[in-house]
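K.L.:
Got a predicted model here, sequence first, then my questions.
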Amino acid sequence: DIQMTQSPSSLSASVGDRVTITCRASQSISSYLNWYQQKPGKAPKLLIYAASSLQSGVPSRFSGSGSGTDFTLTISSLQPEDFATYYCQQSYSTLLFTFGPGTKVDIK
Amino acid sequence: QVQLQESGPGLVKPSQTLSLTCTVSGGSISSGSYYWSWIRQPAGKGLEWIGRIYTSGSTNYNPSLKSRVTISVDTSKNQFSLKLSSVTAADTAVYYCARVSGKYGSGNYYYYMDVWGKGTTVTVSS
């Protein structure tokens, strides 16, 4: 199985801050990496697919980068509605999708 | 715009079978090259992929659950379903259904879950 890790597990930030979340895969997954945002009591929402492609309707302050084993989700200027938990997910292994443990972004 | 809605009992007794249905609206479950998936999330914890089905009926399951899971599709009702047998308290979670889409890029085909249901809470307790 491909294991996914994320760092940090949580962070505190202020509105307007630049925020970076890292995701690492236990083996190379090329660019088969997706990012989701989840708010309390809500379903996850797709932000980024294929490591760097912005899902339709997602604000351009969200961006993704990386390939191989190391990936990054960046929020260029944190907005109040961005306080949430963020998950990475690999789709390299089409027989077993796996998620990272999540990174909670809260208000400083 | 495609929407998904989970339904099923919110309470299941230990050792029994959990059964959930996901109804697809706003589009046909058979149109396009989509997979249909189940994911669960215990309270306060992360996301666990359970498995997926194509409208042809082909399935893939998480090996950790494979012996207890069955996912099926009913195209006439525009629904797909999850059955999880021999449940224990560890199966208590919010269960989500999701559409798995794909897109070609740089010579590869990338899968992602782009439409999700709102989730339904299932508690396993006597």
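P.N.:
Yep, that arrived.
K.L.:
so B:L20 touches B:G119, yeah?
P.N.:
No. Counting by CB atoms under 8 Å, B:L20 does not reach B:G119; the two are 10.5 Å apart. Any C-beta I mention is one placed from the backbone N, CA and C, and that applies to glycine too.
K.L.:
Find the residue closest to B:E6 in space, skipping its chain neighbours.
P.N.:
Nearest residue to B:E6, sequence neighbours excluded (CB to CB, 6 or more residues apart in numbering or on different chains): B:T120, at 4.0 Å.
K.L.:
got a list of what the one you found touches?
P.N.:
B:6-8, B:10, B:20, B:94-95 (CB atoms under 8 Å, 6 or more residues apart in numbering or on different chains).
K.L.:
shared neighbours of B:L20 and B:G119, anything?
P.N.:
B:6, B:95.
K.L.:
Just grab the bridge partners of the residue nearest to B:E6 for me.
P.N.:
B:Y95 (DSSP bridges).
K.L.:
mind checking how far it is from A:Q3?
P.N.:
Separation of B:T120 from A:Q3 (CB to CB, to the nearest Å): 28 Å.
K.L.:
Which residues of chain B lie near chain A?
P.N.:
Within chain B, the positions near chain A by CB under 8 Å from any CB of the partner chain are B:37, B:46-49, B:52, B:60, B:62-63, B:96, B:103, B:105-106, B:108, B:110-114, B:116-119.
K.L.:
And stretch B:115-126, what's buried?
P.N.:
B:115-117, B:119-120, B:122, B:124 (16 or more other CB atoms under 10 Å in any protein chain shown).
K.L.:
ok, for the residue minimising distance to the centre of chain B, nearest residue in space, not its chain neighbours?
P.N.:
Centrality entry for chain B: nearest residue to the mean C-alpha point is B:W38, 1.9 Å, by CA atoms, centre = their mean. In this structure, B:W38 finds its nearest non-sequential neighbour in B:I50, 4.1 Å apart by CB to CB, 6+ apart.
K.L.:
Could I get the average pLDDT for the particular helix or strand that has the one you found in it?
P.N.:
Taking DSSP states H and E as the definition, B:I50 sits inside strand B:48-54. In this model, strand B:48-54 has a mean pLDDT of 96.
K.L.:
what does that strand rub up against?
P.N.:
A:89, A:96-99, B:34-42, B:59-62, B:65-66, B:69, B:71-73, B:80, B:82, B:84, B:93, B:95, B:100.
K.L.:
before we move on, the earlier item: tell me how many other residues crowd the residue nearest to B:W38.
P.N.:
When neighbours are counted by other CB atoms under 10 Å in any protein chain shown, B:I50 registers 22.
K.L.:
Now do the strands in chain B.
P.N.:
Assigned by DSSP state E, chain B shows strands spanning B:3-7, B:11-12, B:18-25, B:35-41, B:48-54, B:59-61, B:69-74, B:79-84, B:93-105, B:108-116, B:120-124.
K.L.:
err, chain A, not the other one
P.N.:
Using DSSP E, strands in chain A cover A:4-7, A:10-13, A:19-25, A:33-38, A:45-49, A:53-54, A:62-67, A:70-75, A:84-90, A:98-99, A:103-107.
K.L.:
so what strands line up beside the second one?
P.N.:
Using DSSP bridges, strand A:10-13 pairs in its sheet with strand A:103-107 (parallel).
K.L.:
Quickly list what the residue most central in space within chain A is bridged to.
P.N.:
Nearest to the geometric centre of chain A sits A:W35, at 3.7 Å (CA atoms, centre = their mean). Per DSSP bridges, the residues bridged to A:W35 are A:I48, A:C88.
K.L.:
Pretty sure A:C23 sits against A:I2.
P.N.:
No. Between A:C23 and A:I2 there is no contact under CB under 8 Å: 11.7 Å.
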